[in-house]
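> coords please:
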Amino acid sequence: MIVLELRDDQIEYLQQHQLVKKYEKSKVLFEQNPFHPSLNMELLEPKHRLLYSFRLDRKYRAIFAYVENETIEVIAFTNHYK
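The predicted structure follows:
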């Protein structure tokens with residue numbers, strides 16, 4: 001699995017929320033096994049949009065979409081409880 005490079009605004013968001021290390025750890029896990037239990041990957045509603053998320057920690061998620069079979073692009077980071 002390949003995760004495309006983040007945009008500058010996404011890197012800034014991670015830095016502002018002290019999530020850089022958590023993202024890097026989650027990214028490595030995702031690249032090795034997208035279904036690793038700690039990632040809690042899920043298809044988001046509405047399902048026809050084919051947007052997914054994986055967990056950075058209990059509070060934050062990375063929203064992503066597949067751009068090819070084995071390649072994803074992170075679209076956004078969200079606070080799961082807002």
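> all strands of this structure, in order?
Chain-ordered strands for the chain, with DSSP state E as the definition, fall at 2-3, 42-43, 52-55, 60-68, 71-79.
> will you turn those into TSV that also has distance to residue 24?
Where you see a C-beta, it was placed from the backbone N, CA and C, and this is true even at glycine. As requested, those are arranged in TSV below (distance: least, C-beta to C-beta, whole Å):
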stretch	distance to residue 24
strand 2-3	10
strand 42-43	21
strand 52-55	13
strand 60-68	12
strand 71-79	12
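> what comes up buried for stretch 44-56?
If you call a residue buried by 16 or more other C-beta atoms under 10 Å, then stretch 44-56 has these buried ones: 51-56.
> What is the nearest of these to residue 68?
Lowest distance from residue 68 to the buried residues of stretch 44-56 (C-beta to C-beta) belongs to residue 52, with 14.3 Å.
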